[in-house]
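> Sequence first, then the predicted structure:
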Amino acid sequence: MELNEMKKIFTALYGDGEMRVFASPGRVNLIGEHIDYCGGCVMPAALTMKTTLVARKRNDDIIRLKATDLDIMVETTVSEMHNLKGKLRWGDYQIGVMLELMKDGYDICGCDLLYDDTVPHGGGLSSSAAIEVSTALCFATFSNEKKGIDKKIDMIEIALIAQRAEHNFIGVKCGIMDQFASAMGKKDHAVYLNCATLEYEHIPLNLKDCSIVLTNTNVKHSLGSSKYNERRAECEEGLNALKTVLPDIKELADVKIEQFEEHKDVIKNETTRKRIKHVVYECDRVKKSAEAMKNDDIALFGQYMNASHDSLQYDYEVTCPELDFVVRMGRNMDGVLGIRMTGAGFGGCTVAIIKNYAVDKYIERIGVLFEGRFGHKASFYVTGTGDGGREI
């Protein structure tokens with residue numbers, strides 16, 4: 001939705017007055033899946049698809065939240081927000097962020113809020129992180145202004161606050177990647193992020209004659225599902241087993257391929273061993289992918305993307321028939337350099353690097369095949385990379 005249209009809706013809902021506008025993007029993870037919570041390096045990029053938030057401070061402690069595509073409005077007060085956990089149909093990401101800001105000493109003011117999302121919900125492109133980061137930036141800005149603090153908002157701190165909201169209010173023990181990419185993204189760059197140390201580097205994303213194409217299977221996943229936390233528990237189990245023979249390791253990302261292959265039998269559970277194999281090899285693929293991108297070797301990067309999906313399908317087992325179908329069909333098409341699922345899995349999107357001359361044919365062909373196979377349509381996005389959270 002255009003910003004002017006949002007402002008008209010905001011005025012109709014809340015009346016005339018000053019409006020402030022904040023935005024934060026979704027993200028696509030180019031490679032490095034399910035390793036952020038294992039201390040690994042990942043390589044996401046912020047998208048041009050984003051959450052836009054129009055906000056106005058109030059003179060009382062009432063907070064009202066509305067989305068442009070939903071009929072419901074959430075109304076609460078600063079003092080009553082903590083009672084809403086588990087009771088909201090919508091608005092829990094925002095409330096969770098406000099509560100975490102309060103824990104960090106920020107003053108939460110009464111506010112009227114209107115959200116508009118162009119990030120597909122449930123598509124694995126971190127619509128939740130976009131909501132969280134835009135909300136956190138908005139209220140941190142208002143708090144600093146109230147206190148007379150004249151300094152730039154620390155966007156890494158904003159990402160960490162948003163992550164804690166997921167942990168403590170939503171109940172999903174997510175890694176830092178989504179919120180970090182949403183907060184710290186840079187146009188025409190990927191973010192090479194060490195999730196253990198938060199050291200990062202913006203790597204130029206020189207796609208030359210290629211485009212990033214996202215295919216949304218429109219199969220909704222839920223990060224709150226038991227499968228996500230189950231994978232985390234399996235990683236903890238595998239890490240504890242490896243520590244008996246590799247006492248110096250702190251995270252699974254510390255384990256080299258050679259060490260894993262030498263000591264993998266110490267992990268007695270075969271399924272757990274497969275999970276750890278994915279993490280160890282995926283960490284290695286991310287490092288090699290960063291070098292390939294620095295060397296402008298997009299074709300080699302595409303090979304690592306393909307290997308990543310195979311590992312997620314067979315070792316980590318977080319794909320689904322729809323994702324695997326898109327990947328399998330896409331790999332058989334001319335001009336597709338690499339394709340893999342992106343996000344938590346069990347639905348959502350694939351990300352592909354495709355030669356520009358082949359993009360239209362890919363969309364047409366996959367669209368027909370997908371609907372014929374599954375009986376519903378896939379959605380396609382030819383997207384660019386954008387900047388992280390900011391006030392507009």
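Yep, it's here.

> Kindly format the C-alpha coordinates of the helix or strand containing Asn144 as CSV.
Here Asn144 sits within helix 127-147, counting by DSSP states H and E. This file holds the C-alpha atoms of helix 127-147, laid out as CSV (Å, rounded to 0.1, in the frame of the first residue of the first chain):
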residue,chain,number,x,y,z
SER,A,127,7.4,-11.1,8.3
SER,A,128,7.6,-11.4,12.1
ALA,A,129,11.0,-9.9,12.4
ALA,A,130,9.9,-7.0,10.1
ILE,A,131,7.0,-6.3,12.5
GLU,A,132,9.3,-6.6,15.6
VAL,A,133,12.1,-4.4,14.4
SER,A,134,9.8,-1.6,13.1
THR,A,135,8.0,-1.7,16.4
ALA,A,136,11.1,-1.7,18.5
LEU,A,137,12.6,1.2,16.5
CYS,A,138,9.5,3.2,16.9
PHE,A,139,9.2,2.9,20.6
ALA,A,140,12.9,3.2,21.3
THR,A,141,12.9,6.4,19.3
PHE,A,142,9.9,7.8,21.2
SER,A,143,11.5,6.8,24.5
ASN,A,144,14.8,8.5,23.8
GLU,A,145,13.0,11.7,22.7
LYS,A,146,11.0,11.7,25.9
LYS,A,147,14.2,11.4,27.9
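
> Against which helices or strands is that helix packed?
strand 20-31, strand 41-57, helix 92-103, strand 111-117, helix 155-165, helix 177-184, strand 390-391 (3 or more CB pairs under 8 Å, 6 or more residues apart in numbering; DSSP states H and E). Placement of C-beta: from N, CA and C, glycine included.

> what's the angle between the third one and strand 111-117?
Computed with axes from the mean of the first three to the mean of the last three CA atoms, to 10 degrees, the direction of helix 92-103 lies at 130 degrees from that of strand 111-117.

> Mind listing what's buried along helix 92-103?
Neighbour-count burial for helix 92-103 flags 92-102 (criterion: 16 or more other CB atoms under 10 Å).

> pLDDT of that helix, averaged?
Taken as a whole, helix 92-103 has a mean pLDDT of 98.

> got the CA positions of that helix in CSV?
What follows is helix 92-103, C-alpha atoms only, in CSV (Å, rounded to 0.1, in the frame of the first residue of the first chain):
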residue,chain,number,x,y,z
ASP,A,92,1.6,-10.5,20.0
TYR,A,93,4.9,-9.7,18.2
GLN,A,94,4.3,-6.0,18.9
ILE,A,95,3.3,-6.4,22.5
GLY,A,96,6.2,-8.8,23.1
VAL,A,97,8.6,-6.2,21.8
MET,A,98,7.2,-3.4,24.0
LEU,A,99,7.5,-5.6,27.1
GLU,A,100,11.2,-6.3,26.3
LEU,A,101,11.9,-2.7,25.7
MET,A,102,10.4,-1.9,29.2
LYS,A,103,12.8,-4.5,30.7
